[in-house]
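K.L.:
Following is a predicted model, sequence given first.
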Amino acid sequence: MMQYQDISSAWAEFARVSATLNAYYHAMNVLGTDAATAAPSDSAEGRGRTMEVLSGVVYDLIADPENHKLIAYLEQHRDELNQMQNRQVQLMRKQADQLSRIPQQEYVAYSVLLNDAEGIWRKAKNNNDFASFAPTLEKIVDFNRKFAGYYNPKLPAYDALLNEYEEGLTMQTLDAFFGELRSALVPLIHAVGQKEQIDDAFLKRSYPIEQQRKFSAYLMEVMGIDPARCTIAESEHPFTAGFNNHDVRITTHYYENDVANSMYSVIHEGGHALYELGVDDAYNFTGLQGGASMSIHESQSRFYENIVGRSLAFVEGIFPKMQELFPEQLKDVTAEQMYRAVNKAEPSLIRTEADELTYSMHVMVRYELEKQLISGSLQVKDLPQAWNRMYAEYLGVEVPDDSRGCLQDSHWAGGSIGYFPSYALGSAYGAQMKAFMEQDIGSVEALVAKGELHKVTEWLAQHIHRYGQLYQPGELFERTCGKFDAKYYTDYLTEKYTELYAL
C-alpha cells in the first residue's frame with residue numbers, strides 16, 4: 001500500500017497517474033482517428049487487439065484500489081490544493097467511481113466493440129444495409145443501458161447517459177427546452193414554407209473536389225486556425241479530435257455536387273478546433289484539456305457555422321475566393337445570392353445539411369428515438385420504421401432509404417447515445433453568447449465585415465475556451481451569460497428568418 005508523507009508526495013503520485021492515463025487516451029484517440037480517416041477498411045481486427053490491451057491498462061489504472069485511496073487522501077486535504085488541482089481530483093473521482101462499477105471484461109469488450117462498429121457502420125451506410133449494422137447497434141444499446149446503471153444507479157438510464165455529455169442534464173429539462181423550440185419555431189417554419197423559396201440550384205453544380213480542398217484550407221486560414229497545430233483530413237462523417245492544444249485534427253467529407261456541405265462542415269469543425277486550441281497551456285496533459293461539455297463544445301461549432309459562417313458579412317468576405325476557385329460554377333452568382341442560398345430554410349433529410357431553422361427538428365427525432373431505445377420501448381430492428389415515421393411527422397419529408405435515414409450519423413456506432421441533444425442546446429447557448437458578447441465588443445456581423453473575426457474568437461477564448469474543464473458547464477455558462485434562456489435562440493432565429501423571407 002502506498003503511503004503519503006505529505007500532500008506534495010500524494011500530488012506527485014496523482015500527477016503521474018494522470019499523465020499515464022493521458023498518454024493511453026492519446027494513443028487510443030489517435031488510433032480511432034486513424035481508423036476513420038486513413039486506415040484500410042479491413043484493418044479493424046489488428047487495431048481491435050491493440051485497443052483491447054490499451055483499454056485494459058486504462059481500466060487497471062483507474063479502478064486500482066490504490067488510486068481510490070489516493071483520491072480519498074487528496075479529498076481529505078482539499079484545502080491544501082488549488083482550484084485546478086481540486087477540479088482534477090473531482091473529475092478523477094467521478095471516473096474512478098464509474099469505472100469501478102463496470103466489470104473489466106465488459107469495459108474492454110465495449111472498447112473492442114466500438115472499434116469494430118465504425119467500419120461496420122460505414123459499410124452499412126454506403127450499401128444502404130441497416131440489417132448488417134443492426135446486430136452491432138443492438139449490442140451498443142445493451143451496453144449503454146447497462147452502463148447507465150453503473151454510471152448513476154439513482155437516475156433513469158437515459159438521464160445517466162445525458163450526464164456523460166452535459167452534467168446535470170435531464171429528460172425533464174430537455175422536454176421543456178424542446179417544447180419551447182416547438183412552440184416558437186414550428187409556426188415560423190410553416191410561415192417560411194408559404195413564401196417563395198430561395199433558389200440554391202447553383203450550389204449543386206459540379207465543384208471539383210481538389211478545388212474544394214483548397215477552399216477548405218482557405219476557410220481555416222480565415223478562421224485563424226494555426227495549420228501547425230491543426231490539420232484537416234477526410235472521413236465518412238466529419239468530426240474533430242483534440243489531443244491537446246497543440247494537436248487538433250478536423251475532418252470533412254466532399255461531395256462534388258454539393259459545395260456547401262463541406263464548406264459548412266469545415267467551419268463547424270473549425271469552431272470545435274478553435275475551442276480546443278484556445279485552452280490554456282496549463283491544462284495540457286492534466287485531464288482538464290478540452291471542452292467543458294459537449295453542449296458548450298457545440299455552442300462553439302454552431303456559433304462559427306451559423307452565426308458567423310452564414311452571416312452576410314462572412315459570405316461577402318469569402319465570396320471573391322470562391323469565385324477565384326470556382327469561376328465557371330459561380331460566374332452568374334452574386335454574394336447576396338450565395339448568402340440567401342446557404343440560409344435557405346426547407347425541411348430536409350440530412351441533419352448535417354439542415355438549415356438553422358429546421359435543424360432542431362432533426363435533433364428532436366434522435367432524442368425521442370434514443371429515449372425509446374434505452375427504455376426498451378423501441379427495438380433496434382424497428383428503428384428504420386420509427387425514424388421514417390418521425391421524419392414524416394416532425395419535418396414532413398419522406399425518407400427514401402436508410403443511408404439517408406437512420407444510418408446517416410456515426411454517433412451511435414461510436415457509442416454516443418445521449419450526445420445529440422448537445423447540438424440543439426449548443427445552438428441555443430451560442431445565441432445567448434452572441435447577445436452577451438455584443439454588449440462587450442459590438443455587433444458580430446460588423447466585426448466580421450471589417451475583417452476582425454479575431455476579436456470574436458478572442459472574446460470566446462477569454463470567456464470560454466481558456467478554462468478547458470476547470471468549471472462545470474453550467475457554472476462556466478452562467479459566469480459568461482447568466483441563466484440560460486432559450487428565448488435568445490428563438491428570438492435570434494425569428495429575427496433572421498423574418499428578414500430573410502420578408503415575413
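P.N.:
Yes, it's here. Given the structure is predicted, the values throughout are model-derived calculations rather than measurements.
K.L.:
From the chain's centre, how far out is the longest helix belonging to the chain? Work that out for me.
P.N.:
Using DSSP state H, we find that the single longest helix of the chain is helix 7-37. Between the centre of helix 7-37 and the centre of its chain there are 22 Å (CA atoms, centre = their mean, to the nearest Å).
K.L.:
so what does that helix touch, helix or strand wise?
P.N.:
Judged by 3 or more CB pairs under 8 Å, 6 or more residues apart in numbering; DSSP states H and E, helix 7-37 is in contact with helix 44-63, helix 65-76, helix 83-101, helix 104-126, strand 230-234, strand 240-244, strand 247-252. Backbone N, C-alpha and C define where each C-beta goes, glycine included.
K.L.:
what's the following helix or strand after the last one?
P.N.:
Per DSSP states H and E, strand 247-252 leads on to helix 259-277 as the next helix or strand towards the C-terminus.
K.L.:
mind listing what's buried in the longest helix of the chain?
P.N.:
Of the residues in helix 7-37, 7, 10-11, 13-14, 17-18, 21-22, 27-28, 31-33, 35-37 count as buried by neighbour count, 16 or more other CB atoms under 10 Å.
K.L.:
Only the buried residues of the helix or strand hosting residue 423, if you could.
P.N.:
Element membership for residue 423 (DSSP H and E) is helix 421-441. By neighbour count with 16+ other CB under 10 Å, helix 421-441 contains the buried residues 421-435, 437-438.
K.L.:
if you average pLDDT over it, what comes out?
P.N.:
Summarised as a single mean, pLDDT over helix 421-441 is 97.
K.L.:
Who are the contact partners of the nearest residue to residue 428 once chain neighbours are set aside?
P.N.:
Leaving aside its chain neighbours, residue 428 sits nearest to residue 489 (3.8 Å; criterion: CB to CB, 6 or more residues apart in numbering). Neighbour list for residue 489: 181, 427, 428, 430, 431, 432 [criterion: CB atoms under 8 Å, 6 or more residues apart in numbering].
K.L.:
ok, and what's touching the helix or strand that contains residue 147?
P.N.:
If you go by DSSP H and E, residue 147 is part of helix 130-151. Helix 130-151 is touched from outside by 98, 101-102, 106, 110, 113-114, 116-117, 120-121, 123-125, 155, 157-158, 160-161, 163-164, 373-374, 376, 380-381, 383-384, 402, 406-407, 412-413, 415, 417-418, with contacts defined as CB under 8 Å, 6+ apart.
K.L.:
hmm, back to that, now do the helix holding residue 423: which elements does it pack against?
P.N.:
Helices and strands touching helix 421-441, by 3+ CB pairs under 8 Å, 6+ apart, are helix 171-193, helix 294-302, helix 356-375, helix 444-449, helix 453-463, helix 473-481, helix 487-500.
K.L.:
low-confidence ranges in this structure?
P.N.:
Residues of the chain meeting the criterion pLDDT under 70: 1-2.
K.L.:
Grab the nearest non-local neighbour of the residue most central in space within it.
P.N.:
Centroid-nearest residue in the chain: residue 298, 5.2 Å away (criterion: CA atoms, centre = their mean). Nearest-residue entry for residue 298: residue 426, 2.6 Å, with adjacent residues in sequence omitted and distances by CB to CB, 6+ apart.
K.L.:
next one: residue 436
P.N.:
Once flanking residues are discounted, residue 436 sits nearest to residue 481: 4.7 Å by CB to CB, 6+ apart.
K.L.:
Please tell me how far that neighbour sits from residue 310.
P.N.:
Relative to residue 310, residue 481 is positioned 21 Å away (CB to CB, to the nearest Å).
K.L.:
now do residue 44
P.N.:
Using CB to CB, residue 44 is found at 37 Å from residue 310.
K.L.:
again, but for residue 30
P.N.:
Look at residue 30 and residue 310: by CB to CB, they are 33 Å apart.
K.L.:
Where does residue 41 sit: helix, strand or coil?
P.N.:
Under DSSP: H, G, I helix; E, B strand; the rest coil, residue 41 falls in the coil class.
K.L.:
That one and residue 257: what is the separation?
P.N.:
24 Å.
K.L.:
likewise residue 241?
P.N.:
28 Å.
K.L.:
Same drill for those two, tell me which one is more crowded.
P.N.:
Neighbour comparison, residue 241 and residue 257: the larger count goes to residue 241, with 21 against 10 (by other CB atoms under 10 Å).
K.L.:
In contact with that one, which residues are there?
P.N.:
Taking CB under 8 Å, 6+ apart as the criterion, residue 241 is in contact with 29, 32, 33, 248, 249, 250.
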